[in-house]
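Novice: Provided below for reference: sequence and predicted model.
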Amino acid sequence: MLLNAFLNLTSDAVYVVDLNGIVLEANKKFEELHGWSREEIVGKEIPLDPAVRVESKQILERIRRGEQITVLEAVKKTKQGTYFHTDVTISPVHDEEGVLVAVIAIERDTTEKKRAEDKLRESEERYRVLVERSPEPIVVYRNYEIAFVNQAALRLMGADRQEQLLGQHVSRFLPAEEMVKLPTALAELMSGNASSDRVEKHLIRLDGSLIYVEATAVVIDFQGETAVQLLIRDMTDRKRAELELAAKEKEFSRVIKLSPEPIILHQAGMITFVNDAGVKLLKGQSNQDFVGKPIVDFFCSSYLPIIVERMTKVVQIDAMMDFIEMKLKRLDGELVDIEVASICVNRTSANPVVQLVIRDLSERKRTEEMIRRSDRLSIAGELAAGVAHEIRNPLTALKGFLQLLQVQNTAYVDIMLMEIDRISYIVNEFLGMAKPQVNHFIECDILTLMNSVIVFMNPQALLFNVEMKLTTSSPEYFVPCESNQIKQVYMNVLKNAIESMPSGGSIEISMEKIGESMVLTRIVDQGVGIPEDRLEKIGEPFFSLKEQGTGLGLMVCRRIIEAHRGSLAIRSVVGEGTTIEIALPI
């Protein structure tokens, strides 16, 4: 009774067979596992496949001979024709006299276990094939020695056989600076028990060449021991390309930075870069004076509609937009004439990058103005020469006869002589303007010239209650020039300055060196000043602010200074006075 309870409560199939293989007893688990009921199987032989039947007979025979057989693995067939795996434990049964009379078989269903083991073997085989055939190099090392490499790793390291790498210390393939960091990185990896971030490293191949790689490390169990598996990607070609690209970008950035043409980059209308020439044009100190500021802030507001239109259009076309003239506003508020072209250089981002190429037109405008002025001077000179020639001869005769009439106290002779003197002055001005410039210069001290002019002009200055003051930082200033012409320029300028102060005042005259190549003479008066709209016309023939002026004097002055390869500049503020700067090359 107790035996039956045990047999039916156990989770294993239990059955008893005699020495001929006839079933004597079977429990409920046997019925569940094999599919036969106790009534169907007791007294009968368990149906087996021929090969299994032969094997069972052999096992019984071995037990008869006294062999100890404990656990066997077997595949059994159920009543329904399906198969299951089982571990069979066999125990002999003896009678009271010790004679073997039967065998007790205990079967444990291992089908699920076998399936799991088969799946594990399949998974391990797939993993092995995957690792072996992976195009990415895979290396396993433990205790700093290489324990496994796949074919891709052999190719990466320049090896032909695994034996060339297996057992090698990892220091053989790492630069010294990388090897120093390895213990710390390995300790962190072990403590974290997770894969490392992908990091860039250098490896030394068998031939000694250095390659760039990206590696990810993970802790694994390899052949029962803790090891580190490295997943490696060869980055040598990409790294070289990146280095070449970085070098080219650096070279390109340097070209843009040092370009003689001002260049501005902006995104969505906000400045991101200004090169050195652009910083200089805008009168800034560095690129940071402009980064982050709206590009429209640096253009005259009247051009805003054109700027917006071009900013919209430039990102829609592949070509460069042609140069257009505008006025640029510098940091100090000064407007300068420029022409600007734009092109979209990067459309990949959400805000495309637009490059502006700027050309400073100030010098060109000045040159064009000088050419126009020269043309006017040439025309005026030709006209002056012709007029002077036609007037001078009869004028001389008229003046002579009038002087004879003056002796006789004839009425209106004085008025006529005064007007003839005025005509003579104009003719002389014409001749001075028309006369070819002297090209043979000699070294002359212009400070001495200025002192002689001040002495000569002093009586007229006293009549207008004007005081002339001369300051200089050097006792002499020698320049190659035609002294009489330079003296004429100084006299003309001082005469204009004196006449601009009917109520008196002072004239500040200074001389100084500009660098090593120029001498600057600055004449500052306290006169009535010149309106801005008339300042540009000063020096044109027959344009004068004086009631009796001809406008030819300053024209002649400009012509003389230009012939000396110098410059004459005029600045004026109404009610404050006028400054004239004359620069002559040393």
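Specialist: Done, it's in.
Novice: Okay, helices next: where are they in the stretch 451-586 of the chain?
Specialist: Here the stretch 451-586 of the chain has its helices, by DSSP state H, counting those that start in this stretch, at 483-499, 532-535, 552-563.
Novice: again but with the stretch 151-300 of the chain, I slipped
Specialist: Secondary structure of the stretch 151-300 of the chain by DSSP H, counting those that start in this stretch: the helices cover 151-157, 176-192, 236-257, 276-281.
Novice: okay, those in a markdown table with distance to residue 59 next?
Specialist: Glycine gets a C-beta too; all of them are placed from N, C-alpha and C. As requested, these are exported to a markdown table (distance: least, C-beta to C-beta, whole Å):
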| stretch | distance to residue 59 |
| --- | --- |
| helix 151-157 | 47 |
| helix 176-192 | 50 |
| helix 236-257 | 64 |
| helix 276-281 | 97 |
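Novice: Of all these, which one is nearest residue 562?
Specialist: Between residue 562 and the helices of the stretch 151-300 of the chain, the shortest gap by C-beta to C-beta is with helix 276-281, which sits at 26.4 Å.
Novice: Excluding its own residues, what touches that closest one? List them.
Specialist: With contacts defined as C-beta atoms under 8 Å, 6 or more residues apart in numbering, helix 276-281 is touched by 257-264, 285-287, 289-290, 328, 330, 336, 338, 358, 360.
Novice: can you give me how far that helix is from the chain middle?
Specialist: 18 Å (C-alpha atoms, centre = their mean, to the nearest Å).
Novice: Report the separation between residue 89 and residue 106.
Specialist: The gap separating residue 89 from residue 106 is 4 Å, by C-beta to C-beta, to the nearest Å.
Novice: quick one, which of those two is more surrounded?
Specialist: Shown here are residue 89 and residue 106; by other C-beta atoms under 10 Å, residue 106 has more neighbours (19 against 15).
Novice: which ones are touching that one?
Specialist: Counting by C-beta under 8 Å, 6+ apart, the residues that residue 106 touches are 12, 13, 14, 88, 89, 90, 91.
Novice: which one in this structure is furthest away from the centre?
Specialist: Relative to the centre of the chain, the most outlying C-alpha is that of residue 97, 101.5 Å out, by C-alpha atoms, centre = their mean.
Novice: Name the SS class of that one, please.
Specialist: The three-state assignment at residue 97 reads coil, by DSSP: H, G, I helix; E, B strand; the rest coil.
Novice: Now for it: which residues touch it?
Specialist: Residue 97 makes contact with no residue under the criterion C-beta under 8 Å, 6+ apart.
Novice: Offset the numbering so it begins at 9, please.
Specialist: Renumbered: residue one is now 9, and that last one reads residue 105.
Novice: Compute the number of surrounding residues for residue 70.
Specialist: Around residue 70 there are 13 residues (other C-beta under 10 Å).
Novice: Quick check: mean pLDDT of stretch 507-516?
Specialist: Mean per-residue pLDDT for stretch 507-516: 90.
Novice: now do the same end-to-end measure for it.
Specialist: Distance between the boundary residues of stretch 507-516 (C-alpha to C-alpha, to the nearest Å) amounts to 15 Å.
Novice: Next one, pLDDT for residue 419 please.
Specialist: As predicted, residue 419 sits at a pLDDT of 55.
Novice: circling back to that earlier point, any idea which of the contacts of residue 114 is closest to residue 140?
Specialist: Relative to residue 140, the closest of the contacts of residue 114 is residue 96; by C-beta to C-beta it sits at 37.7 Å.
Novice: so where does that closest one fall, helix or strand?
Specialist: strand 91-102 (DSSP states H and E).
Novice: could I get that strand in CSV with only the CA atoms?
Specialist: Extracted C-alpha coordinates of strand 91-102, given in CSV (Å, rounded to 0.1, in the frame of the first residue of the first chain):
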residue,chain,number,x,y,z
TYR,A,91,9.2,10.6,-29.3
PHE,A,92,10.6,12.0,-26.1
HIS,A,93,14.0,12.2,-24.4
THR,A,94,14.5,10.6,-21.0
ASP,A,95,17.2,9.9,-18.5
VAL,A,96,16.7,6.3,-17.3
THR,A,97,17.9,5.1,-13.9
ILE,A,98,18.0,1.3,-13.6
SER,A,99,18.1,-0.6,-10.3
PRO,A,100,18.1,-4.5,-10.1
VAL,A,101,15.5,-6.3,-7.9
HIS,A,102,16.6,-9.5,-6.1
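Novice: Pull the distance from that strand to the chain's centre.
Specialist: The answer for strand 91-102 is 79 Å, by C-alpha atoms, centre = their mean.
Novice: what's downstream of it, the next helix or strand?
Specialist: Per DSSP H and E, the first helix or strand lying C-terminal to strand 91-102 is strand 108-117.
Novice: So what angle separates the directions of that next one and strand 91-102?
Specialist: Put simply, strand 108-117 runs at 150 degrees to strand 91-102, going by axes from the mean of the first three to the mean of the last three C-alpha atoms, to 10 degrees.
Novice: buried sites along strand 108-117?
Specialist: Across strand 108-117, burial judged by 16 or more other C-beta atoms under 10 Å covers 108, 110, 111, 112, 113, 114, 115, 116, 117.
Novice: what's the neighbour count on residue 205?
Specialist: Using other C-beta under 10 Å, residue 205 has 7 neighbouring residues.
Novice: Could you double-check that it sits in contact with residue 223?
Specialist: No: if you go by C-beta atoms under 8 Å, residue 205 and residue 223 don't touch, sitting 10.0 Å apart.
Novice: so where is this structure shaky, pLDDT-wise?
Specialist: 9-17, 131-132, 135, 200-204, 257, 260, 356-357, 378-447, 541-561 (pLDDT under 70).
Novice: Nearest the middle, which residue of it would you pick?
Specialist: Nearest to the geometric centre of the chain sits residue 261, at 6.7 Å (C-alpha atoms, centre = their mean).
Novice: What segments of the stretch 409-558 of the chain are strands?
Specialist: Secondary structure of the stretch 409-558 of the chain (DSSP state E, counting those that start in this stretch): strands at 450-453, 474-480, 486-489, 513-522, 526-532.
Novice: got these as a markdown table, with mean neighbour count and distance to residue 215 columns?
Specialist: Converted to a markdown table, those look like this (neighbours: other C-beta atoms under 10 Å; distance: least, C-beta to C-beta, whole Å):
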| stretch | mean neighbour count | distance to residue 215 |
| --- | --- | --- |
| strand 450-453 | 13 | 75 |
| strand 474-480 | 15 | 78 |
| strand 486-489 | 18 | 72 |
| strand 513-522 | 17 | 66 |
| strand 526-532 | 19 | 67 |
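Novice: Identify whichever of those strands lies nearest to residue 187.
Specialist: Among these, strand 513-522 comes nearest to residue 187, with 64.3 Å by C-beta to C-beta.
Novice: what's near enough to touch residue 353?
Specialist: 273, 361, 362, 363.
Novice: Next, the contact list for the third one, please.
Specialist: If a contact means C-beta under 8 Å, 6+ apart, then residue 362 has 273, 274, 275, 319, 322, 323, 350, 351, 352, 353 as its contacts.
Novice: so it is in which element?
Specialist: Residue 362 is part of strand 361-368 when elements are defined by DSSP H and E.
Novice: on that earlier part again, for PyMOL, what selects the buried ones among the contacts of helix 284-289?
Specialist: Provided next is the PyMOL selection string for whichever of the contacts of helix 284-289 are buried by 16+ other C-beta under 10 Å:
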select buried, resi 265+270+271+272+295+298+336+344+346+366+368
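Novice: Return the subset of the contacts of helix 284-289 lying in strands.
Specialist: Residues of those located in strands (DSSP state E): 271, 272, 336, 344, 346, 366, 368.
Novice: ok, those residues vs residue 584, which is closest?
Specialist: Taking C-beta to C-beta as the measure, residue 584 sits nearest to residue 344 out of the ones in strands among the contacts of helix 284-289, at 24.3 Å.
Novice: Without its sequence neighbours, what residue ends up closest to residue 329?
Specialist: The shortest distance from residue 329 to any non-neighbouring residue, by C-beta to C-beta, 6 or more residues apart in numbering, is to residue 350 (4.9 Å).
Novice: Brilliant, that's me finished.
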